[in-house]
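J.: This is a predicted model, with the sequence first.
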Amino acid sequence: MMQTINSFYQNNSDDIIPPDSPSDNTIIIKNTKIKSATGLDSISNKILKKLPIITMIKLCYLINKVLELKYFPDSWKTATIIPILKLGKDPTNPESYRPISLLSTLSKIGIYNLK
């Protein structure tokens, strides 16, 4: 994730980022999986899918400001790492786990807008 953010800002330091519309963000949110785990902000995709239009407009404004100011909030860069036991592996061995990082849903929307 940090590579995506850093490369975007390095490659587009002087470029103007076109603003997204609320309908762009609505499409992004509608395409998210409803059962995805939440990040530190505890905002679920299910909640985002049920946002009223006025809140969607404000969310769009927030994401456009993030892109305009080229400032990705620290809380959006922070992930919770959850170890998941691999099938058939010894639970007492640390190498038997694979890490899963849980990012903020808003972070995922912001990253999608960078692409």
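T.: Here it is on my side, so go on.
J.: Point out where the chain drops to low pLDDT.
T.: When residues are selected by pLDDT under 70, those of the chain lie in 1-21, 113-115.
J.: now with 80?
T.: Within the chain, the stretches with pLDDT under 80 are 1-28, 30-32, 34, 110-115.
J.: Which residue ranges of it form helices?
T.: Using DSSP state H, the helices of the chain run over 2-11, 22-30, 45-49, 53-69, 74-77, 105-114.
J.: Name the stretch among these that sits most buried.
T.: helix 105-114 (a mean of 20; mean count of other C-beta atoms under 10 Å). C-beta: built from backbone N, CA, C; applies to glycine.
J.: For the helices of the chain, could you give me CSV that also reports distance to T38?
T.: Listed next are the helices of the chain as CSV, based on distance: least, C-beta to C-beta, whole Å:
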stretch, distance to T38
helix 2-11, 20
helix 22-30, 14
helix 45-49, 8
helix 53-69, 16
helix 74-77, 13
helix 105-114, 7
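J.: Among the ones you listed, which comes closest to S36?
T.: Proximity to S36, assessed across those by C-beta to C-beta, is greatest for helix 45-49 (5.3 Å).
J.: Contacts for the closest one, please.
T.: Contact with helix 45-49 is made by 29-30, 32-36, 105, 109, as judged by C-beta atoms under 8 Å, 6 or more residues apart in numbering.
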